[in-house]
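Participant: Coordinates for the following, if possible.
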Amino acid sequence: MPSRFEPCGLTQLYALRYGAVPVVSRVGGLADTIIDANAAALSAGCATGFVFEPNGSKAIIEIMQRVCDVFSDNALWSQLQRNGSLQDVSWQRPAAQYAALFRKLVTKYRPEEAEVLPFHGRALSRQRIIARCPPYNGGPDRSVSC
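Facilitator: Predicted coordinates for the structure are as follows:
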């Protein structure tokens, strides 16, 4: 996935999920989500794909040579596929972190007005109220849900 700008990117996440080893340029979300299959990451068993830079034909040729070298080792390639498919790219962890930050901010800035309710980090298919704020300056009742 050669790219000059990629704020997030979903294609590499789909690739990880389904065992396709992604080859990405080192930009934005591509660089954030793929652990390069360099010697250290391969020996540690945490590599999930291939990352190249700068974005140009020479770098793509070099990275594809690395891809071919790893692909020729069936055990190593299978490990890369397994590592990628086991990556947690769900919203569970980020949602729980957001709820914790929100809870901290509400408690810090409006402790006398906010009743903070627990958030258990369960699947977001069910709406959970994480804070209920009473009316402020005569405004409507406000609830924040996720």
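Participant: Remind me which helix or strand F50 belongs to.
Facilitator: Assigned by DSSP states H and E, F50 falls within strand 50-52.
Participant: so what secondary structure elements neighbour that strand?
Facilitator: Judged by 3 or more C-beta pairs under 8 Å, 6 or more residues apart in numbering; DSSP states H and E, the packing partners of strand 50-52 are strand 23-25, helix 57-71. In this view, the C-beta of every residue, glycine as well, is placed from N, C-alpha and C.
Participant: Mind giving me the packing neighbours of the shortest one?
Facilitator: Spelled out, it's strand 23-25. If contacts are counted by 3+ C-beta pairs under 8 Å, 6+ apart, strand 23-25 sits against helix 28-33, strand 50-52, helix 57-71.
Participant: what's the closest of these to Q12?
Facilitator: helix 28-33 (5.7 Å; C-beta to C-beta).
Participant: List the buried residues for that closest one?
Facilitator: By neighbour count on 16 or more other C-beta atoms under 10 Å, the buried set for helix 28-33 is 28-31, 33.
Participant: quick one: low-confidence parts of this structure?
Facilitator: In the predicted model, the chain carries pLDDT under 70 at residues 1-2, 111-146.
Participant: Tell me where this protein has strands.
Facilitator: With DSSP state E, the ranges of strands along the chain come out as 23-25, 50-52, 115-116, 129-133, 142-145.
Participant: any idea how far L76 lies from A95?
Facilitator: Relative to A95, L76 is positioned 34 Å away (C-beta to C-beta, to the nearest Å).
Participant: Please apply the same query to L30.
Facilitator: Plainly put, L30 is 23 Å away from A95 if you go by C-beta to C-beta.
Participant: what does E53 give?
Facilitator: If you measure E53 against A95 using C-beta to C-beta, the figure is 32 Å.
Participant: neighbour count winner among those two?
Facilitator: More crowded of E53 and A95, by other C-beta atoms under 10 Å: A95, with 18 against 13.
Participant: that older thread, can you give the strand pairings for the strand holding F50, parallel or anti for each?
Facilitator: strand 23-25 (parallel) (DSSP bridges).
Participant: Need the contact partners of the partner strand.
Facilitator: Identification of contacts with strand 23-25 by C-beta atoms under 8 Å, 6 or more residues apart in numbering yields 1-4, 6, 9, 12, 30-31, 34, 49-53, 55, 59, 63-64, 67.
Participant: All set now, cheers.
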